[in-house]
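> After the sequence you'll find the predicted model.
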Amino acid sequence: MEATVTDLAPPVFYALVQARFNTVSLMDKYIQEIQDLLRREGFPHFDTRIFKQIQLLRTHEGLGADDNNPKLISAQQWYLTNAERNSGFIINRDSVSFQTTCYQTREEFLHRLLEGLKVIDKVVHLEFVTRLGMRYLDAIQPINDQPTEEYISPGIHGVDLPWALQRSSFESRYTTEGGPLFNNGTLVARINYLSGALAFPPDLQLHNIHVNPRFSKKFDRYAVLDTDHSSGGQAPLDYDKLDKEFRHLHSHIREVFNSVTTEHARKIWGL
């Protein structure tokens, strides 16, 4: 049976790209101006979350005397989301992320993050970036009752046992060569075999954003390709080099995708 128009679309059901920068302790002082500028760019929904995180105190020589008694402190995150609630920014005191559940192209995805970073830089005057990263979740969901194995390259199909599958996972971690900004990167690729409705990794909880309904179907067996690539150090805000570094990170994620999926699968997705 021929693939439908719905099938001829990227299997990305969630993507996030992030830039970390020098800490802005008074970010809450500037967030209203940042929010107003991004609202005009198409992100009118605004929400604040307070969460807890552990703080370890350090001396100039390393770990401080209070490290055996770490402090639990409150931190804020600000969410600026579009009207459809399928894309938006997450801002912290030391980072900005752009997340989407309606991924279309790499160009649009990276453009949004860089434009958000420029808005923050315009308001608070950032000094440097310390880490760039991106994470892609691909839903490998077969159509027309085809077996999942026809979509995934041999060697990572998992163990075939007669019982009902709950979860089966594979993880690989690599050091990658550097791009124009940083010396090297870290790439983590995970394959999770699952059953039932689409599931996100346990470490990733969505807030204020909806999943694309085209991924709502339940399956007896499907897979999620979870690829995370980052690089870090300290570099000035050269937006041309930032764009090139992100493209460098993305090229490796695409290489993983092409290695894990079969030509048959990519043809169905129109890739």
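Right, received. Where do you want to start? Being a predicted model, the structure only gives us computed values, none of them experimental.

> going forward, measure contacts between C-alpha atoms and count neighbours the same way
OK.

> nearest spatial neighbour of R93, skipping sequence neighbours?
V24 (5.1 Å; C-alpha to C-alpha, 6 or more residues apart in numbering).

> show me the contacts for that neighbour.
Residues near V24 by C-alpha atoms under 8 Å, 6 or more residues apart in numbering: R93, D94, V124.

> among the residues you listed, who's most crowded?
R93 (19 neighbours; other C-alpha atoms under 10 Å).

> Assumed that residue was part of a strand.
No: if the criterion is DSSP: H, G, I helix; E, B strand; the rest coil, then R93 is coil and not within a strand.

> M27 is in contact with that one, correct?
Yes: using C-alpha atoms under 8 Å as the test, R93 is close enough to M27 to be in contact (5.5 Å).

> hmm, back to that, and the residue nearest to R93, what are its phi and psi?
phi -110, psi 100 (degrees, to the nearest 10).

> Relative to Q76, how far out is it?
Computed with C-alpha to C-alpha, to the nearest Å, the distance linking V24 and Q76 is 12 Å.

> what touches both of the two?
Counting by C-alpha under 8 Å, 6+ apart, the residues touching both V24 and Q76 are R93.

> For D47, list the residues it contacts.
Contacts for D47 (C-alpha under 8 Å, 6+ apart) come out as W78, Y79, L80.

> rerun at 6 Å
W78, Y79 (C-alpha atoms under 6 Å, 6 or more residues apart in numbering).

> so it sits in a helix?
No: D47 is assigned strand when assessed by three-state DSSP, not a helix.

> Next one: it relative to R190, how far apart?
Distance of D47 to R190, computed by C-alpha to C-alpha: 31 Å.

> can you check K218 too?
Distance of K218 to R190, computed by C-alpha to C-alpha: 21 Å.

> Please apply the same query to D36.
38 Å.

> okay, now H210: neighbour count?
Counted with other C-alpha under 10 Å, residues neighbouring H210 total 14.

> Let me know the pLDDT of the spatially closest residue to it that is not a sequence neighbour.
Take H210 and drop its neighbours on the chain: the residue closest to it by C-alpha to C-alpha, 6+ apart is N86, 5.4 Å away. pLDDT for N86: 97.

> what sits against N86?
Applying C-alpha under 6 Å, 6+ apart, we find N86 in contact with T100, T101, I209, H210.

> Tell me, how many residues neighbour the residue lying closest to Y239 once chain neighbours are set aside?
Once flanking residues are discounted, Y239 sits nearest to L114: 7.5 Å by C-alpha to C-alpha, 6+ apart. Residues near L114, counting by other C-alpha under 10 Å, number 22.

> which stretches of the protein aren't confidently modelled?
Residues of the chain meeting the criterion pLDDT under 70: 1-8, 52-69, 158-159, 162-167.

> Please enumerate the strands of it.
Taking DSSP state E as the criterion, the chain contains strands spanning 12-21, 45-55, 58-59, 62-63, 71-81, 87-91, 95-100, 128-140, 167-177, 184-196, 219-236.

> which of these is buried the deepest?
Comparing those by mean neighbour count (mean count of other C-alpha atoms under 10 Å), strand 87-91 ranks first with a mean of 25.

> Give the other helices and strands that that strand contacts.
Packing partners of strand 87-91 (3 or more C-alpha pairs under 6 Å, 6 or more residues apart in numbering; DSSP states H and E): strand 71-81, strand 95-100.

> Let me see the residues that make contact with that strand.
Strand 87-91 has contacts (C-alpha under 6 Å, 6+ apart) with Q77, W78, Y79, L80, T81, N82, V96, S97, F98, Q99, T100.

> just those residues now: which is nearest G270?
T100 (20.2 Å; C-alpha to C-alpha).

> Next, count neighbours for R247.
For R247, the count of nearby residues is 16 (other C-alpha under 10 Å).
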